[in-house]
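1. predicted coordinates and the sequence they were generated for:
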Amino acid sequence: MTNTWWEIQILCTPDLEDSIFWRLETFGCRGVAVEKKDRFLLIRAYLSTLQAQLSDLTNLSTLLHEDSTAIGLPTPELNWHQINEEDWSTSWKQYWHPQEIGNLFLINPAWLPIPPSTSKLVIRLDPGVAFGTGNHATTQLCLESLEKYLTQNSSNTSITAPQVIADIGCGSGILGIGALLLGAKKVYGVDNDPLAVESTNSNCILNHLNPEKLTCALGSVHTLTEILTEPLDGIVCNILADVIIELIPQMTDLVKSGSWGIFSGILVEQSPSVITTLEKNSWVVDQVWQRQEWCCLNARR
């Protein structure tokens, strides 16, 4: 039987973009794109009909209503319809465009030419069904943090490239690829989603990187203990606060003393709990970077 997909369309104010992205990610959506509509945003997301029924979409609508009400913003307008398997993976791509992030990066959709005049480090990306296009604030904060830790002219003189790092919850591979472009020696990526592992490996090849420099495996922190061949200089972990808190003791065991960590996917009100757990496990949080309701913790062990 041919699989079909839900195309979910959400019309919202720009201030709700990040919270909606978070909801869609946790809901299991694959492929998300944003289009400006006057003073509003039209967000499109895709979900297999095998994963969600009409009642699930109704529940999603309720959650979005509760989220917007809690922060005093207008309720998003949500609609959905079904599309065929062969249409879903390409229909959202027409709304995704090159995007500059931080001082150094340009995220360029794989199906578009690279701007000839750019002087940025270009990450060519076809995320497919994996999370991580660079649109979400947490991904942007992680890339900007990687600039801080991996650039040769970093103000932090205790950091010297090249380094060995791990990307926990690697998604499309965007952070690991960004790290390699910044001069990392080796990246180990893990994700619980086999489609994310496939996407990371494909995007590594797409960016003409040596596959030996990016090892990606199915699993989580426990998988890293089996595949690591050398200690880690740094960790980037862009998932959810509750999961980060659970994994911090295991992640701590994998890094050298003096290593750094980038922890994101954290709502601002969740950050004290994450910081407390980091401090209990011999980490010191140097900086908390915030973008709207999301934050990224830069820490050192």
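-> Cool, got the structure.
2. quick check: domain ranges of this protein?
-> 4-89, 93-300 (the TED database).
3. okay, those, which one's buried deepest?
-> Greatest average neighbour count among those goes to domain 93-300 (a mean of 19), per mean count of other CB atoms under 10 Å. C-beta coordinates here come from the backbone N, C-alpha and C atoms, glycine included.
4. the domains of the chain: lowest mean pLDDT?
-> When the domains of the chain are compared by mean pLDDT, domain 4-89 comes last with a mean of 85.
5. now the longest strand anywhere in the chain: how far from the chain's centre is it?
-> Secondary structure of the chain per DSSP state E: the longest strand is strand 255-267. Strand 255-267 has its C-alpha centroid displaced from the chain centroid by 15 Å (CA atoms, centre = their mean, to the nearest Å).
6. swap in stretch 271-279?
-> 21 Å.
7. can you list contacts of it?
-> 241, 244-245, 248, 261, 263, 266, 284-285, 288, 295, 297, 299 (CB atoms under 8 Å, 6 or more residues apart in numbering).
8. how about a cut-off of 6 Å?
-> Residues outside stretch 271-279 that contact it (CB atoms under 6 Å, 6 or more residues apart in numbering): 241, 244-245, 248, 266, 285, 295, 299.
9. ok, which stretches of the chain are helices?
-> Taking DSSP state H as the criterion, the chain carries its helices at 17-27, 54-70, 85-91, 137-150, 174-181, 194-206, 221-227, 241-252, 271-280.
10. need the contact partners of the longest strand of the chain.
-> By CB under 6 Å, 6+ apart, the residues outside strand 255-267 that reach it are 138, 141-142, 145, 149, 231-241, 244, 274, 293, 295-297, 299-301.
11. how about stretch 17-36?
-> Residues outside stretch 17-36 that contact it (CB under 6 Å, 6+ apart): 10, 41-47, 51, 60, 63, 67, 92, 95-96, 129, 131, 136-137, 292, 294.
12. out of those residues, which are inside strands?
-> Among those, the members falling in strands (DSSP E) are 10, 41-47, 294.
13. kindly reformat those residues as JSON lines containing distance to V32.
-> Output for these, formatted as JSON lines (distance: CB to CB, whole Å):
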{"residue": "I10", "distance to V32": "10"}
{"residue": "L41", "distance to V32": "11"}
{"residue": "L42", "distance to V32": "12"}
{"residue": "I43", "distance to V32": "7"}
{"residue": "R44", "distance to V32": "7"}
{"residue": "A45", "distance to V32": "5"}
{"residue": "Y46", "distance to V32": "8"}
{"residue": "L47", "distance to V32": "10"}
{"residue": "W294", "distance to V32": "15"}
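14. which one of those residues sits closest to L206?
-> Y46 (20.8 Å; CB to CB).
15. isn't that closest one right next to T4, touching?
-> No. At 10.7 Å, Y46 and T4 do not qualify as touching, with contact defined as CB atoms under 6 Å.
16. where's the closest residue to P109 other than its chain neighbours relative to A110, distance?
-> Take P109 and drop its neighbours on the chain: the residue closest to it by CB to CB, 6 or more residues apart in numbering is W96, 5.3 Å away. Using CB to CB, to the nearest Å, W96 is found at 10 Å from A110.
17. if we can go back for a sec, out of the contacts of stretch 271-279, which comes closest to S202?
-> Distance to S202, by CB to CB, is smallest for I244 among the contacts of stretch 271-279, at 26.5 Å.
18. contacting residues for that closest one?
-> 237, 263, 274.
19. what do you get for C170?
-> 176, 189, 191, 200.
20. pull the most distant pair out of those.
-> Pairwise over the contacts of C170, using CB to CB, the maximum falls at G176 and D191, 10.5 Å.
21. for A110, see how far away I227 is.
-> 27 Å.
22. if you could redo that for S48, that was the one I meant.
-> Separation of S48 from A110 (CB to CB) stands at 22 Å.
23. what does N210 give?
-> N210 is 19 Å from A110, by CB to CB.
24. identify, from the contacts of stretch 271-279, the entry nearest to I205.
-> Of all those, I244 has the smallest distance to I205: 29.4 Å, by CB to CB.
25. quick revisit: would you reformat the contacts of I244 as JSON lines and include distance to S172?
-> Below are these laid out as JSON lines (distance: CB to CB, whole Å):
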{"residue": "C237", "distance to S172": "15"}
{"residue": "F263", "distance to S172": "19"}
{"residue": "V274", "distance to S172": "24"}
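26. for those residues, which one is nearest V164?
-> Nearest member of these to V164, counting by CB to CB, is C237, at 15.4 Å.
27. that concludes my questions; thank you for your assistance.
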